[in-house]
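Enquirer: fold the stuff below for me.
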Amino acid sequence: MILVLGGGLAGLSAAWHLRELLPDVPRLVLEAGEEPGGLCRSFREDGFTFDLTGHYLHLRDEYAEAFVRRLLGELLVPVERRARIHARGALLEFPFQANLHGLPPEVVARCVLDFLAAREEPVPGDPRVSFETWARAVFGDGIADEFLLPQNRKLYRRDPAELTAEWVSWSVPRPTVEEVVRGALGLPARGLGYNPRFLYPREGGIGVLPAALAREVEDDLRTRARVVSVDARERRVVLEGGEVLGYERIVSTLPLPYLLQRVRGLDGCPSRGRSLAEMAGELSWSRVVDLQLGIDRAGIADGVHWIYFPGDEFPFYRAGFPSNVAPALASPGCSTASVEFAFGPREEIPGEDELLDRALDGLRRAGVLRRSDRVVLHRARLLDPAYVAYDRARTPVVEAARERLLGAGIHLAGRYGRWQYSFMERALLEGREVAEEVARALRGEAAP
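Expert: This next block holds a predicted model:
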């Protein structure tokens, strides 16, 4: 028996690929919630559909695109990104570093001159340098101070000097001098970054993707099956309620700290000199409250898909407008908004009414909402964990834990299973990757 812990995209993909690779080996996906999908679920209420923050398909891998298109077919539509940044009272095109026009002239001058000076220095070759060091070295002090550092300070709820650049060095483009100069003069630089175009379902929200994948593995899927402990020595899993399941191999997509606190029968990691539970305590993350709004006016934010808010004058770090991506997500004549507030692991989270007041005040001051706009629906949903913090402890702990668990027949996959910055395409591909890893292990084959 192969047990897959967690029924999000990575877990469902693992189950699908295990069925293909090992058709004669029984497998079972254990999902704690009432339905599979993890953070890719969608919620429908009163004619509105909400995802858990923005989930858009940036497909660059040929296999991943073919896999998704097989599941969703003509339901997918291509979308050109329309993202903005609200900075110093101006609404800039995204990405910031190539669209400086609209900022005060002295700020534009500093950003351009600092960028030119930074180009005279080598880019840090080690992604484990601090995020602040990396941002200043790659983009210069001006761009770092105006956007990259404050935006990520709000998102991760900690000093960017405490984070490494491992999670982001691949995804933030360094523009050319020409692109920076043209952007500073008001000639927008579009198409930069890893997500200038994406796919999204015409209707139903992103939840249609895990739902389609779950239907393919429904015979191997159990919901309301929360794992409370894993005995790695006896190779058995205990569920909430006391049920015990034996296994030969495990694929875990559960948040790594949660898993490490619940594994029994292992003596910890000699290389770290700590128990697994102690190692779990070294990992950090931010939590996000996604305040989902139904607004009684169509086309809010002038059709923009999402806006970043790096300034301290706004309590949220980003606001998305999903119905500008897919109009079917809102009731006729209405719009949807997704306002994202970040909190540290121990910060007190205000109540929904207080968050609503903060969101409406900020969106009105930013010119996104009018005083006459009426909220016809609001729901606050907590993502915990939301974003993995790449601090100094993260990579050594994750690497040591992964090696120790793999030796006990526990394979890791997914954003939270591998405790990483990730996206949907990677989750699907890691499902295939971990299925191949399990198949090799059961066949006694060496890793490639």
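
Enquirer: does V237 lie in a helix or a strand, and which?
Expert: Element membership for V237 (DSSP states H and E) is strand 236-239.

Enquirer: pLDDT (mean, whole number) over that strand?
Expert: Averaging pLDDT along strand 236-239 gives 97.

Enquirer: helices or strands next to it in the packing?
Expert: strand 227-231, strand 244-246 (3 or more CB pairs under 8 Å, 6 or more residues apart in numbering; DSSP states H and E). The way it works is simple: take the backbone N, C-alpha and C, and place the C-beta from them, glycine included.

Enquirer: highest average neighbour count across these?
Expert: strand 227-231 (a mean of 19; mean count of other CB atoms under 10 Å).

Enquirer: given that strand, what are its sheet partners and their directions?
Expert: Note on strand 227-231: by DSSP bridges, its sheet partners are strand 236-239 (antiparallel), strand 263-264 (parallel).

Enquirer: right, and those - which one's nearest A161?
Expert: Ranking the strands paired with strand 227-231 by proximity to A161 (CB to CB) places strand 263-264 first, at 32.8 Å.

Enquirer: in the chain, what helix or strand scores lowest on average pLDDT?
Expert: helix 177-184 (a mean of 87; mean pLDDT, DSSP states H and E).

Enquirer: buried stuff in that one?
Expert: Under the neighbour-count criterion of 16 or more other CB atoms under 10 Å, helix 177-184 has 179-184 buried.

Enquirer: check those residues and tell me the two furthest apart.
Expert: E179 and A184 (9.6 Å).

Enquirer: which single helix of this structure contains the most residues?
Expert: For the chain, the helix that runs over the most residues, judged by DSSP state H, is helix 424-443.

Enquirer: C-alpha coordinates for it, PDB please?
Expert: The C-alpha trace of helix 424-443 is given here as PDB (Å, rounded to 0.1, in the frame of the first residue of the first chain):
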ATOM      1  CA  MET A 424       0.700  24.900  -9.800                       C
ATOM      2  CA  GLU A 425       2.800  23.600 -12.700                       C
ATOM      3  CA  ARG A 426       5.500  22.500 -10.300                       C
ATOM      4  CA  ALA A 427       3.000  20.800  -8.100                       C
ATOM      5  CA  LEU A 428       1.700  18.700 -11.000                       C
ATOM      6  CA  LEU A 429       5.200  17.900 -12.200                       C
ATOM      7  CA  GLU A 430       6.400  17.000  -8.700                       C
ATOM      8  CA  GLY A 431       3.500  14.500  -8.500                       C
ATOM      9  CA  ARG A 432       4.900  12.700 -11.500                       C
ATOM     10  CA  GLU A 433       8.500  13.000 -10.100                       C
ATOM     11  CA  VAL A 434       7.700  11.600  -6.700                       C
ATOM     12  CA  ALA A 435       5.600   8.700  -8.300                       C
ATOM     13  CA  GLU A 436       8.700   7.800 -10.400                       C
ATOM     14  CA  GLU A 437      10.800   8.000  -7.300                       C
ATOM     15  CA  VAL A 438       8.500   5.600  -5.400                       C
ATOM     16  CA  ALA A 439       8.400   3.300  -8.400                       C
ATOM     17  CA  ARG A 440      12.100   3.100  -8.500                       C
ATOM     18  CA  ALA A 441      12.300   2.400  -4.800                       C
ATOM     19  CA  LEU A 442       9.800  -0.400  -5.000                       C
ATOM     20  CA  ARG A 443      11.600  -2.000  -7.900                       C
END
